[in-house]
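[1] below is the sequence, then the predicted model.
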Amino acid sequence: MISFEDYLQLLPKTELHCHLVSTMRPATLHELAQRYGVELWSDDVDELFDFADLVDFLRGWRVAHEVLRESADLERVAWEGVADAVAQGNLRYREYYVNPQYFAHPEYAGARPMSYVEVMAAVIAGLSRAERDFGVGFRVVAAINRRESAEAAVALVREMIAHPFAEVVGIGQDDLTPENTEDPTRFADAYALAGAHGLLRTAHVGETPAARPSAVRDAIEVLGCDRIDHGYRVVDDPAVLALARDRGIGFATTPVSTTICSGWTLDEGHRIRAMIDAGLPVSVSTDDAMFFRTDLGREYREGLVALGLDAAAAKRIALDGIDMAFCSDAEKERLRAEFRAQFLALDTLLEP
Ligand SMILES: [Zn+2]
């Protein structure tokens, strides 16, 4: 027999919301920082991942891009991140946000900025090797850097259209605007262009303390999002909640990570619980695992227990992740069959 925590740990999982840089091992961060002479944001190893809030965290997150300077670095981080998530939480499928604008940016890219093609090819090579080794499927979503201009976001989408990769299926976002806001409509042109070329769309909204439910509405109605990252403010406005539910919009939430950023308490009163109770499709991810000292197992083991959810809800979350994924229908069917078989085996082991 196994405990409920073990059950949650062993449950097969998708992860739809993680940033590639954040899947790095702390040891790899230190090793590469030393190799390239990159000064990290804190000398104190114990305090390196203590952040006051989202804005404080993002300072460190930007610096972490600086240690990835060669294709081999990206390939290594991509592979290691899968190996760890399989061991820590039975990961079976994952989608990554990769921000090509940082790797091309002289301020963050070190001595040799990398092109869009170079970055994506290296990440895909690492994830493909991991897929062969661990059977974990993947897709990549190019992240619009919200610190950059609306024009730069359009240029990124043009680059995606000019250099298509089968594995790069959509656009999303990372960071915040220079004013530390979400401001989804700023990037409306980039999203329209992406949609016109068949790219799938997701956006980080309704996450920050200052965010409004209207940002969730804008992501759905103005950006045409197929899915939303975070989106917690959706439950603050019944009309926006009804809109999301009617459109079948899924939400890629990150319980433990978001609690660190928002200062909210992770309990049965948390917005994620309200989203689930309202019938919205909700999946669970780590967002920025290395920085928040979390992993996919912990998000389920601690997060779902704190939210007061049972085994049935945990299985629903795992399956919702498949429904919301940006992979093919055939791949989804294969994943559902694999998940259901593992659920059956785990259910017989769960202590009554
Ligand atoms: Zn995120």
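    Yep, it's here. In this text the structure is predicted, and so the values were computed from the model without any measurement. Numbering: from 1, shown residues only.

[2] C-alpha from now on. contacts and neighbour counts both.
    Will do.

[3] mind checking the end-to-end distance for stretch 144-152?
    Counting by Cα to Cα, to the nearest Å, the length from the leading to the trailing residue of stretch 144-152 is 8 Å.

[4] could you give the mean pLDDT of it?
    Across stretch 144-152, the average pLDDT comes to 94.

[5] so for that stretch, what gets flagged as buried?
    Ile144, Asn145, Arg146, Arg147, Ala150, Ala152 (16 or more other Cα atoms under 10 Å).

[6] what would these look like in CSV with secondary structure?
    Formatted as CSV, those follow (DSSP: H, G, I helix; E, B strand; the rest coil):
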residue, secondary structure
Ile144, strand
Asn145, strand
Arg146, coil
Arg147, coil
Ala150, helix
Ala152, helix
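
[7] ok, then the element right after the helix or strand that Tyr96 is a member of?
    Following DSSP states H and E, one finds Tyr96 within strand 91-98. Once strand 91-98 ends, the next helix or strand along the chain (criterion: DSSP H and E) is helix 100-104.

[8] now that following helix, how far from the chain's geometric center?
    Here the centre of mass of C-alpha atoms in helix 100-104, compared against the chain's by Cα atoms, centre = their mean, to the nearest Å, lies 18 Å away.

[9] what helices and strands are in contact with that helix?
    Judged by 3 or more Cα pairs under 8 Å, 6 or more residues apart in numbering; DSSP states H and E, the packing partners of helix 100-104 are helix 116-134, strand 137-145.

[10] one more time with 10 Å
    helix 54-65, helix 116-134, strand 137-145, helix 150-162 (3 or more Cα pairs under 10 Å, 6 or more residues apart in numbering; DSSP states H and E).

[11] what are the contacting residues of it?
    62-63, 65-66, 68-69, 108-110, 112-120, 142-148, 152-153, 155-156 (Cα atoms under 10 Å, 6 or more residues apart in numbering).

[12] one more time with 8 Å
    Helix 100-104 is contacted by residues 65-66, 108-109, 113-116, 119-120, 142-145, 156 when judged by Cα atoms under 8 Å, 6 or more residues apart in numbering.

[13] and for stretch 176-195?
    Contacts of stretch 176-195 from elsewhere in the structure, counted by Cα under 8 Å, 6+ apart, are 55, 145-148, 150-151, 153-154, 157, 170-171, 200-201, 203-205, 208, 210-211, 215, 218-219, 222-224.

[14] in PyMOL, select just the buried ones from those residues.
    What follows is the PyMOL syntax for the buried subset of these, where burial is set by 16+ other Cα under 10 Å:
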select buried, resi 145+146+147+150+153+154+157+170+171+200+201+203+204+205+208+211+215+218+219+222+223+224
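
[15] for the residue lying closest to Arg271 once chain neighbours are set aside, give its distance to Arg334.
    Among residues not flanking Arg271 along the chain, Tyr232 sits closest, at 5.8 Å (Cα to Cα, 6 or more residues apart in numbering). Here the criterion is Cα to Cα. By it, Tyr232 lies 30 Å from Arg334.

[16] comparing these two, which residue is more hemmed in?
    With other Cα atoms under 10 Å as the criterion, Tyr232 and Arg334 differ in neighbour count, and Tyr232 comes out ahead with 26 against 11.

[17] list the contacts of that one.
    Going by Cα under 8 Å, 6+ apart, the list of residues near Tyr232 reads Gly206, Glu207, Thr253, Arg271, Ile272, Met275.

[18] and it, how far from Gly250?
    When distances are taken as Cα to Cα, Tyr232 and Gly250 turn out to be 12 Å apart.

[19] how about the secondary structure of Asp43?
    Of the three states, Asp43 takes coil according to three-state DSSP.

[20] now do Leu29
    Each residue gets one of three states, and Leu29 gets helix by three-state DSSP.

[21] was I right about it contacting Arg69?
    No - using Cα atoms under 8 Å, Leu29 makes no contact with Arg69, being 11.9 Å away.

[22] ok, longest helix in the chain?
    With DSSP state H applied, the helix covering the greatest number of residues in the chain is identified as helix 329-349.

[23] buried ones in it?
    Applying a neighbour-count criterion of 16+ other Cα under 10 Å, one finds Lys332, Leu335, Arg336, Phe339, Phe343, Leu346, Asp347 buried in helix 329-349.
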